[in-house]
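1. Return atomic coordinates for the entry below.
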Amino acid sequence: MNTDTKSVRQNILDVARPIVGRKGFSAVGLNEVLHAAEVPKGSFYHYFGSKDAFGVALLDDYFDNYVQGMRQLFQQPGLSGSARLLCYWQSWIDNQTGQTHGAKCLAVKLGAEVADLSEPMRLALDSGTSRTIKLLSDAMQHGLEDGSLTFGQAPESVALRLYALWLGASVLAKITRTCGPFDEALAMTRQILGCVDQQ
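-> Residues are numbered from 1 along each chain as shown. Model (predicted):
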């Protein structure tokens, strides 16, 4: 793939992410994405073999960026493991409640929608969420080592449990159109992790 093709392909993905984040995958037509990306309508299959392949590329690109952002957050100097994790959960709330200008979480938006419709996209979601959970687990291990977290279970298990909690809270917050599910999730997260510093 030459540089120009990579650039156009990346532009399509960048433009598509917020559109799909708002409307879902099935509701977005390829022409809408191509028009927004200012790419000729007939050229989609030059960049992606199918709509499913486009969905996989969209998810892979999303998780690459998401994981990079998590790494940057978890490597901030001067913060305890607990503080870093609480910053992560707060950024989750801000993203889902529109307090940031970032695109909505595609794991939340597309997880239930595409997992039963597209096996390749389900696998992309599985891979991306597994990477996310691994980084959470590593951050929790750091918090145990610096004494800012006091839970007694394996970090891998706790990371999976909390990620599932926050996915569920995000769906419930959409249904209720309130922040209540996030307040509950944050309180439960603090309790499960045994946060020593409550900042």
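
2. Neighbours of Leu144, how many?
-> For Leu144, the neighbour count with other C-beta atoms under 10 Å is 18. C-beta: built from backbone N, CA, C; applies to glycine.

3. Which strand or helix spans it?
-> Leu144 is part of helix 119-146 when elements are defined by DSSP states H and E.

4. and whichever helix or strand comes after that helix with helix 119-146, angle?
-> Later in the chain than helix 119-146, the nearest helix or strand by DSSP H and E is helix 155-176. Between the axis of helix 155-176 and that of helix 119-146 there is an angle of 120 degrees, by axes from the mean of the first three to the mean of the last three C-alpha atoms, to 10 degrees.

5. So what's the gap between stretch 71-86 and the chain middle?
-> When distances are taken as C-alpha atoms, centre = their mean, to the nearest Å, stretch 71-86 is centred 18 Å away from the chain's centroid.

6. and Asp116, what is it in contact with?
-> Counting by C-beta atoms under 8 Å, 6 or more residues apart in numbering, Asp116 touches Arg122.

7. Give me the below-cutoff pLDDT ranges for this structure.
-> For the chain, the stretches with pLDDT under 70 are 1-3, 99-104, 197-199.

8. List the buried residues in stretch 120-134.
-> Applying a neighbour-count criterion of 16 or more other C-beta atoms under 10 Å, one finds 121-122, 124-125, 128-129, 132-134 buried in stretch 120-134.

9. which other residues reach it?
-> By C-beta under 8 Å, 6+ apart, the residues outside stretch 120-134 that reach it are 25, 52-53, 55-56, 59-60, 62-63, 66-67, 70, 107, 110-111, 114-116, 156, 159-160, 163.
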